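1. One predicted model, sequence on top.
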Amino acid sequence: MTNQEFENIVSITKPAVLAAIQKYIHNTFLDSIDDVAQETYIKIYRYILKNGLESLDYSKIGNWSYTIAKNETIRFNGKHLREYDKENKVIEFGNIKEVVSFEESLLDKIEYEEVIQNIPQHFREVLSLLEEGKTNADIGKILSIQPGTVKSRISRARRYINERFKTKPSNNE
């Protein structure tokens, strides 16, 4: 495939590619439209290199490129939203969501660890196993208790933790 042939494909598909990206890109990443378009055209280029120009159906190339751009945009959103969530821990208090800095989240983690150390042992055991990725049924078997009891202890432990965090003075007071 020559550069001219690929440039022709880009000029034919550009409206469809940009329409898909603009439709599906998350508002947080609007400044990344060019990056997503570039990744889309890399996928298209690799497909053509692998399958040849004759594999393209020019009557459907707009729909085809739109689908590739849509999928690439969704992939981009997912990857970058996961990174955003790692960088900005979202803490929920009731229906209020607050984005906190890394330093604030670290302080919260330290305070959380203190609360966990003071929580009754039977709650701490259940939470520890839950953090390991165990299911309620698995936890019940390990601790020789019913799955309903596991669920109850998880609920009570969360309530215990939330009560301790609600009573702590905020940084603004």
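-> It's in. Residues are numbered from 1 along each chain as shown.

2. All the helices of the chain, residue numbers only.
-> 3-24, 33-51, 61-87, 102-118, 121-131, 136-143, 147-167 (DSSP state H).

3. hey, least reliable of those by pLDDT?
-> Mean pLDDT is lowest for helix 102-118 among these, at a mean of 65.

4. if we can go back for a sec, can you add mean neighbour count and give the helices of the chain back as TSV?
-> To be clear about C-beta, it is placed using only N, CA and C from the backbone, and glycine gets the same treatment. TSV is the format used below for the helices of the chain (neighbours: other CB atoms under 10 Å):
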stretch	mean neighbour count
helix 3-24	15
helix 33-51	15
helix 61-87	16
helix 102-118	12
helix 121-131	16
helix 136-143	16
helix 147-167	14
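
5. For residue 34, see how far away residue 72 is.
-> Distance of residue 72 to residue 34, computed by CB to CB, to the nearest Å: 13 Å.

6. ugh, typo on my part, it should be residue 134
-> Taking CB to CB, one finds residue 134 at 44 Å from residue 34.

7. ok, now residue 17?
-> 11 Å.

8. just residue 158 next, same as before
-> From residue 158 to residue 34 the distance is 44 Å (CB to CB).

9. again, but for residue 12
-> 19 Å.

10. again with residue 44
-> Distance from residue 44 to residue 34, by CB to CB: 15 Å.

11. Repeat that for residue 50.
-> 25 Å.

12. Then residue 162?
-> In terms of CB to CB, residue 162 sits 44 Å off from residue 34.

13. Could you pull up the contacting residues of the residue nearest the centre of the chain?
-> The residue lying closest to the centre of the chain (CA atoms, centre = their mean) is residue 82, at 3.4 Å. Going by CB atoms under 8 Å, 6 or more residues apart in numbering, residue 82 touches no other residue.
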